[in-house]
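Undergrad: Could you look at this predicted model? Sequence included:
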Amino acid sequence: MNLGDGFIRRKQIASEIQTWTSRLQLSGRDTTQYYTKSIENAPYEPIPGTIKEYKRTYTIEECRAKLDALIKEDLVLAHRISLTNQNARGTLVDLDGIEKTLAIPALLVLRNEIAPKLEAAARAIPVKAKGVEVTDPSEGAMKWRNITPEYKHLQEFNDKGMKAENDVIDKYRIEETVDYGWNERDVFDEIDKIHDWLQRIKNAINEANKTELVDES
């Protein structure tokens, strides 16, 4: 049995423990249900055809013995996995381009904690605006301008005394921006780079999980 098999078996054991715990809860009684015309004198006389019997499938002792065996197996397996984890290794090319060999705990930290944080940071990178009036397309920081008219409401009377209402431009709001954002393609490339690295981490974990479990001493 290798490390990956050990993890799978522990999941199976957890499911079996839940099943046998439920069976243990149902193992304490047998029940007979029926209808009767009178309850003056026990035992009561059942009405024919109304008797239903509910018999337990397992005894308390059977369930407890099965649970004890499963818990002991789980304890031994957990110990063997813990010992194996200390020596199991996986190899990957890191983000810096250097090949590294890491233990499973380190690989799990990269997969579960570091990779999500790096992806969140990459997705937070500002992207340069598109579809704007560029005033200075410099390589480092693009400058662009946004012009928004602001209106005022006017009421006027013509020579016939008729009221006319119009919205006319009162002023313009100018917003000039120095845009330090990345090109959208560069942000996507950064995210893809992290995704590729995460896949290499998963491959390294799969490699490490092929390590045979050590025998418990």
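TA: It's in.
Undergrad: going forward, measure contacts between C-alpha atoms and count neighbours the same way
TA: Fine.
Undergrad: Let me know the helix or strand that residue 195 is in.
TA: Here residue 195, judged by DSSP states H and E, is contained in helix 184-208.
Undergrad: Show me what that helix is packed up against.
TA: If contacts are counted by 3 or more C-alpha pairs under 8 Å, 6 or more residues apart in numbering; DSSP states H and E, helix 184-208 sits against strand 89-93, helix 104-109, helix 115-123.
Undergrad: average pLDDT across it?
TA: For helix 184-208, mean pLDDT is 96.
Undergrad: Can you pull out the residues in contact with it?
TA: Outside helix 184-208, the residues that touch it by C-alpha atoms under 8 Å, 6 or more residues apart in numbering are 3-4, 88-95, 103-104, 107-108, 110-111, 115, 118-119, 122-123, 125, 127-128.
Undergrad: Buried ones only from the residues you listed, please, as a PyMOL command.
TA: Of those, the buried ones can be selected in PyMOL as follows, counting by 16 or more other C-alpha atoms under 10 Å:
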select buried, resi 3+4+88+89+90+91+92+103+104+107+110+111+115+118+119+122+127
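Undergrad: Distance of the spatially most central residue of the chain relative to residue 74?
TA: Ranked by distance to the mean C-alpha position of the chain (C-alpha atoms, centre = their mean), the top residue is residue 112 at 9.9 Å. Relative to residue 74, residue 112 is positioned 24 Å away (criterion: C-alpha to C-alpha, to the nearest Å).
Undergrad: repeat for residue 210
TA: 19 Å.
Undergrad: Between the two, which is the more surrounded one?
TA: Taking residue 210 and residue 74 together and counting by other C-alpha atoms under 10 Å, residue 74 has the greater number of neighbours (20 against 16).
Undergrad: Can you check the pLDDT for that one?
TA: Per-residue confidence at residue 74 stands at 96 (pLDDT).
Undergrad: Give me the nearest residue to it, chain neighbours excluded.
TA: With C-alpha to C-alpha, 6 or more residues apart in numbering as the measure, residue 10 is the residue that lies nearest to residue 74, at 6.3 Å, once sequence neighbours are left out.
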